[in-house]
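> this is the structure alone, sequence omitted:
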């Protein structure tokens with residue numbers, strides 16, 4: 001008899017490679033908000049890619065495909081309009097309203113490439129998450 005350690009250990013390896021992040025709860029909340037009111041998401045428009053970092057290394061990506069009212073983990077199907085890179089901790093502060101987006105950008109805590117003006121339209125969608 002033998003035990004297939006590769007198959008047994010795979011769920012553990014998957015958990016270790018993608019650690020649970022605090023920001024995951026915010027994105028889950030955003031998913032619920034978009035499902036509840038898809039027209040609000042569509043009115044913001046644009047495809048946003050969030051690169052979430054921990055210890056200055058990218059650990060997760062989230063896509064907000066607002067014209068199609070979809071928010072999901074992973075990279076977008078098409079080129080995003082705006083890419084935002086932020087640490088897990090700073091994203092939590094941002095969503096709680098404890099960190100101003102403009103201040104975060106100026107201090108280099110939030111990096112934005114692509115359509116920066118479109119990113120400003122995200123504020124109402126993220127402010128709803130301050131209730132967490």
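Thanks, I have the structure now. None of the values given here were measured: they were computed from a predicted structure.

> the helices in the protein, which residues?
5-17, 22-36, 38-44, 88-95, 101-106, 116-120, 123-127 (DSSP state H).

> and those as TSV, adding distance to residue 71?
C-beta: built from backbone N, CA, C; applies to glycine. Formatted as TSV, those follow (distance: least, C-beta to C-beta, whole Å):
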stretch	distance to residue 71
helix 5-17	22
helix 22-36	5
helix 38-44	8
helix 88-95	14
helix 101-106	18
helix 116-120	15
helix 123-127	10
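
> give me the number of residues near residue 78?
9 (other C-beta atoms under 10 Å).

> in this protein, where is pLDDT below threshold?
The chain contains residues with pLDDT under 70 at 1-19, 124-132.

> can you verify my assumption that residue 65 contacts residue 47?
Yes: taking C-beta atoms under 8 Å as the definition, residue 65 is a contact partner of residue 47 at 5.1 Å.

> ok, these two, which is more surrounded?
Each of residue 65 and residue 47 has its neighbours counted (other C-beta under 10 Å); residue 47 has more, 22 against 19.
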